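# missing the sequence, but the structure's below:
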């Protein structure tokens, strides 16, 4: 049930014909979409093949690696989903990361990152290089974010659980790019999520606008001169969108609106909206309307801080520096790689430890002193006394051809058994590699699903118990 107060406001916002089409869009079924994980390109060149059929749907206009699908196909229940082959993401939500203009070796912050759709897309645009700090202030949501970072095989990401003001104190003028996908009143999700309509109120809109202004103020402190920041919401409220940006610009003279076309061409279905913060200065934001584009409601604006990126002295975070793991732990990991994962190659970086957990971080990773950290780079595994046990994250980062032993499952039925935690027998798999006992990478159609332990006869299942599907 669409709130009456919301209807009244939108009727005063839109022309009559537009308003009727806008309201009609809420009677239509929401569009469902997914995007393939470009970080898995080394595993399979073209995942948009006809089996399973949800890969062959109509492409999303503004992102060629994404398509729409029919929900009857249930891609969220397919083993490819567990392997991180794709991310189920609403199409409009794919736009803000594209206009962030993120590229290799940049330092990027996603300040309000859960559940991880935009973060995982940014990691793909970075091509697993540089640094992505994916932050979520709510711990329950931060845990979901961390799991999605793991599932997509991402290496370069620091997942934190901090309020914006804590991060701005540690990372002043540090990031090349910042995405502020701000918590909002969620009006753009009315068609997709009934709880969004139930939780909506004019008072909540006012509260959200105040909170967004505070988040933007802290985000601005962390952007380098010449850097780009994208602000986005999934709501229609002008107070949370145009007015929020206008207020920000009035208080931050170092920032200006960047025409989105300077980043990339705009799809014809995206609508420009004027943002004016004084009598002589105006720029444009972008609205995605559900009755004009094939997506839910969204808003974004591209902001640039004055100055030159090339003239910046490289920033140093106030978080200390990483310390290498002790030599004995590193040796256990290297011995594991020599026996069980000889094809693994890692870029320049450091192996470090959190208790008995080993992680790899590339050369861009800052220290973490004083921060609440859920995932400091690529989780390698656990050191248990005199042995090393590889992590699920390492399996999803690796490809079968890297492994000393790999077991290719024969089809969906066997993959589903593996995800349920059942042991594997040789008649159900194509076993390749060393016949010695040891760790074995389990895969389906070239995509790694997880680990097993080969005993010479069968493979004991090591799929994480918390991820198993009954």
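Sure thing, it's come through. Here the structure is a predicted model, which is why all the values come from computation and not from measurement.

# any chance you could map the helices in the stretch 351-470 of the chain?
392-397, 412-420 (DSSP state H, counting those that start in this stretch).

# From the contact counts, what lies against the longest one?
Secondary structure elements in contact with helix 412-420, counted by 3 or more Cβ pairs under 8 Å, 6 or more residues apart in numbering; DSSP states H and E, are helix 79-82, strand 424-425, strand 438-444, strand 447-454. Any C-beta I mention is one placed from the backbone N, CA and C, and that applies to glycine too.

# Count the residues that sit near residue 17.
8 (other Cβ atoms under 10 Å).

# Let me know the next secondary structure element after the helix or strand containing it.
Residue 17 is located in helix 16-25, with elements delineated by DSSP states H and E. Where DSSP H and E defines the elements, the next helix or strand beyond helix 16-25 is strand 33-36.

# Show me what that next one pairs with in its sheet, parallel or antiparallel.
The pairing partners recorded for strand 33-36 under DSSP bridges are strand 63-68 (antiparallel), strand 86-88 (antiparallel).

# what about these, which gets the closest to residue 386?
Closest approach to residue 386 among the strands paired with strand 33-36 (Cβ to Cβ): strand 86-88, 38.4 Å.

# can you pull the contacts of residue 295?
31, 33, 60, 90, 91, 92, 93, 288 (Cβ atoms under 8 Å, 6 or more residues apart in numbering).

# how about 6 Å then?
91, 92, 288 (Cβ atoms under 6 Å, 6 or more residues apart in numbering).

# okay but the first one is in contact with residue 35, surely?
No - if you go by Cβ atoms under 6 Å, residue 91 and residue 35 don't touch, sitting 8.7 Å apart.

# so is residue 294 in a helix, a strand, or just coil?
Using DSSP: H, G, I helix; E, B strand; the rest coil, the secondary structure recorded for residue 294 is coil.

# Next, count neighbours for it.
A count of neighbours around residue 294, defined by other Cβ under 10 Å, yields 17.

# about what we covered before: reformat the contacts of residue 295 into a markdown table and put neighbour count next to each item.
Listed next are the contacts of residue 295 as a markdown table, based on neighbours: other Cβ atoms under 10 Å:
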| residue | neighbour count |
| --- | --- |
| 91 | 24 |
| 92 | 27 |
| 288 | 26 |
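
# rewinding a little: buried deepest among the helices of the stretch 351-470 of the chain, which one?
helix 392-397 (a mean of 25; mean count of other Cβ atoms under 10 Å).

# That one - contacts with which helices or strands?
Packing partners of helix 392-397 (3 or more Cβ pairs under 6 Å, 6 or more residues apart in numbering; DSSP states H and E): strand 378-384, strand 447-454.

# Looking at the contacts of residue 295, which are in strands?
residue 288 (DSSP state E).

# Where does the prediction get shaky in the chain?
The chain contains residues with pLDDT under 70 at 41-56, 279-281, 309-316, 426-428.

# Grab the longest helix from it for me.
The longest helix of the chain (DSSP state H) is helix 202-221.

# For it, buried residues please.
205, 208-209, 211-213, 215-221 (16 or more other Cβ atoms under 10 Å).

# and the top strand by length along the chain, how far from the chain's centre?
Scanning the chain for the longest strand, with DSSP E as the assignment, gives strand 223-233. Relative to its parent chain, strand 223-233 has a centroid offset of 17 Å by Cα atoms, centre = their mean, to the nearest Å.

# Mind giving me the packing neighbours of the helix or strand following that strand?
Heading C-terminal from strand 223-233, the first helix or strand you meet, by DSSP H and E, is helix 242-251. Judged by 3+ Cβ pairs under 6 Å, 6+ apart, helix 242-251 is in contact with helix 202-221, strand 271-278.

# So for residue 104, which of those sits nearest?
Closest to residue 104 of the helices and strands packed on helix 242-251 is helix 202-221 (Cβ to Cβ; 22.7 Å).

# when you compare where that closest one runs with where helix 242-251 runs, what's the angle?
40 degrees (axes from the mean of the first three to the mean of the last three Cα atoms, to 10 degrees).

# all strands for the stretch 51-200 of the chain, in order.
Under the criterion DSSP state E, counting those that start in this stretch, the stretch 51-200 of the chain contains strands at 59-60, 63-68, 86-88, 107-110, 131-135, 157-160, 175-181.

# on that earlier part again, can you list the helices and strands packed on helix 242-251 in TSV and add distance to residue 250?
What follows is the helices and strands packed on helix 242-251, written out as TSV (distance: least, Cβ to Cβ, whole Å):
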stretch	distance to residue 250
helix 202-221	11
strand 271-278	5
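
# Identify whichever of those lies nearest to residue 18.
Counting by Cβ to Cβ, residue 18 lies closest to strand 271-278 out of the helices and strands packed on helix 242-251; the figure is 9.9 Å.

# Which elements pack onto that closest one?
Counting by 3+ Cβ pairs under 6 Å, 6+ apart, strand 271-278 packs on helix 242-251, strand 281-288.

# Can I get the ones you listed in a markdown table including distance to residue 261?
Listed next are the helices and strands packed on strand 271-278 as a markdown table, based on distance: least, Cβ to Cβ, whole Å:
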| stretch | distance to residue 261 |
| --- | --- |
| helix 242-251 | 17 |
| strand 281-288 | 9 |
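
# And these: which comes nearest residue 26?
strand 281-288 (15.2 Å).

# Neighbouring strands - and their directions - for the closest one?
As assigned by DSSP bridges, strand 281-288 forms pairs with strand 271-278 (antiparallel), strand 298-305 (antiparallel).

# Need the winner for burial among the ones you listed.
Neighbour counts (mean count of other Cβ under 10 Å) averaged over each of the strands paired with strand 281-288 peak at strand 298-305, with a mean of 25.

# ok and the helix or strand that it is followed by relative to strand 438-444, angle-wise?
Next helix or strand after strand 298-305 toward the C-terminus (DSSP H and E): helix 327-340. Put simply, helix 327-340 runs at 60 degrees to strand 438-444, going by the same axes, to 10 degrees.

# elements contacting helix 327-340?
Right, helix 327-340 is packed against strand 378-384, strand 387-390, strand 438-444 by 3+ Cβ pairs under 6 Å, 6+ apart.

# Around residue 5, count how many other residues there are.
Using other Cβ under 10 Å, the number of residues around residue 5 comes to 12.

# got the contact list for it?
residue 202.

# Let me know the helix or strand that it is in.
helix 4-13.

# what's the angle between that helix and helix 202-221?
60 degrees.

# list the buried ones in helix 4-13?
6, 9, 10.

# Turn those into a markdown table, including distance to residue 225.
Formatted as a markdown table, the buried residues of helix 4-13 follow (distance: Cβ to Cβ, whole Å):
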| residue | distance to residue 225 |
| --- | --- |
| 6 | 40 |
| 9 | 38 |
| 10 | 39 |
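
# wait, which of these is closest to residue 388?
Nearest member of the buried residues of helix 4-13 to residue 388, counting by Cβ to Cβ, is residue 6, at 55.4 Å.

# From residue 416, how far off is the closest one?
The gap separating residue 6 from residue 416 is 43 Å, by Cβ to Cβ, to the nearest Å.

# try residue 341
Residue 341 sits 25 Å away from residue 416, taking Cβ to Cβ as the criterion.

# so the helix holding residue 17 versus strand 271-278, what angle?
Using the same axes, to 10 degrees: helix 16-25 against strand 271-278 is 120 degrees.

# That concludes my questions; thank you for your assistance.
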